[in-house]
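J.: fold the following for me, if possible:
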Amino acid sequence: MEPMRLTQFARGGGCACKIPAGELEEIIAGLVVPAPGADVLVGLDDGDDAAAVRIEGGVAVLSTADFFTPVVDDAYDWGRIAAANAVSDIYAMGGDPVMAINVVAWPRELLPTDLLREVLRGGFDVATQAGFPVLGGHSIDAPEPIYGMAVTGTADPSTMMRNDAAEPGLPISLTKPLGVGVLNNRHKATGEVSEEAIASMVALNRDAARAAVAAGVRAATDVTGFGLLGHLYKMARASGVAARIDAAAVPYVAGAREALAAGHVPGGSRRNLDWVRPHLAAEGVGEEELILLADAQTSGGLLVVGEVPGAPIVGETVAAGSLGSGVLLDVS
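T.: Residues are numbered from 1 along each chain as shown. I've put the predicted structure just below:
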């Protein structure tokens, strides 16, 4: 029998199946109301990676949830990718994970539960690698398979990284290469596996986050479904700065350009580019290059305003209202 291809049981895949950023912002508009008495450090206002509240003793408690449909056909790898992606939100804010619970939807009449066990095993193994326990969760019978985690972490409020703390005149670092969106789309269409893409997606952002905090970085986010341009735009808008990207300095996973040339572009990547285009100056930069910069990533790296040892510098923050060549995001 041919092995079951999990990606064929879902319309989307990975973080490319996110609700478009602009549409999501319209949905939650007007819902930014902190609970009475809550010491909220980070809420819905700027669409940061995780929520943060200060509790007794001054510690910041971080909370996030992330789940998606299969991004690869291998059940164990999907579990690993989903877990690494979920805990990334904690690392993106400079925190440490404390615990997680699973979030599962499974079409019981279509897929054997042995596959679900492999998904969960992948998630448990990454959690063990990261040093936090998985203590239960919730599951439902549903038309499409979905897996992810809700993760709780802690951080020091004085060193916590946020997406509204970027200042002009600083370098922008990227800790993982782009391109897994187009490679995952090719995998869904053809079954061709990119081991480089899987290795990138299962890699934890823990060490990069710790290095960033140690270097005094205060502004960061992770690059997931809204692509580099989408997440950078959110950070620039929240911080009141502009950002210039050197397209030639951005690293890509091997095979990404070939997958793009073959037409394997997630719909989410095109929606990302459409969303940021009104704020984009990209003289001399081709449409295909912009698609890659907006490529919907799953479990991508950290986008850091500052230098991270070993990570390439791909641009700089500049004052709002700046003009220049290359790829410039300006929210003025």
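
J.: residue contacts, M93?
T.: 42, 48-50, 52, 62, 153, 155, 160-162, 220 (Cβ atoms under 8 Å, 6 or more residues apart in numbering). All C-beta atoms are positioned from the backbone trio N, CA, C, and that covers glycine.

J.: any chance of the residues you listed in TSV with pLDDT and distance to A294 as columns?
T.: Shown next, in TSV, are the contacts of M93 (pLDDT from 0 to 100; distance: Cβ to Cβ, whole Å):
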residue	pLDDT	distance to A294
V42	84	25
D48	70	20
D49	76	19
A50	85	23
A52	92	28
L62	96	27
G153	98	29
A155	97	29
M160	96	28
M161	96	23
R162	93	23
A220	96	19
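
J.: among those residues, which lie within strands?
T.: 42, 52, 62, 153, 155, 220 (DSSP state E).

J.: can you name the two of these that are farthest apart?
T.: Using Cβ to Cβ, the pair of those lying farthest apart is G153 and A220, separated by 14.5 Å.

J.: and those two? which has more neighbours close in?
T.: A220 (31 against 24; other Cβ atoms under 10 Å).

J.: who's in contact with the more buried one?
T.: So A220 contacts 92-94, 161-163, 209, 212, 302-306 (Cβ under 8 Å, 6+ apart).

J.: just to revisit the earlier point, which one of the ones in strands among the contacts of M93 is nearest E283?
T.: Out of the ones in strands among the contacts of M93, the member with the shortest distance to E283 (by Cβ to Cβ) is A220, at 28.1 Å.

J.: returning to what we had before: okay, the contacts of A220 in a markdown table with secondary structure and distance to A259 next?
T.: Formatted as a markdown table, the contacts of A220 follow (DSSP: H, G, I helix; E, B strand; the rest coil; distance: Cβ to Cβ, whole Å):
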| residue | secondary structure | distance to A259 |
| --- | --- | --- |
| A92 | helix | 26 |
| M93 | coil | 31 |
| G94 | coil | 33 |
| M161 | coil | 31 |
| R162 | strand | 33 |
| N163 | coil | 29 |
| A209 | helix | 28 |
| A212 | helix | 30 |
| L302 | strand | 23 |
| L303 | strand | 22 |
| V304 | strand | 26 |
| V305 | strand | 29 |
| G306 | coil | 31 |
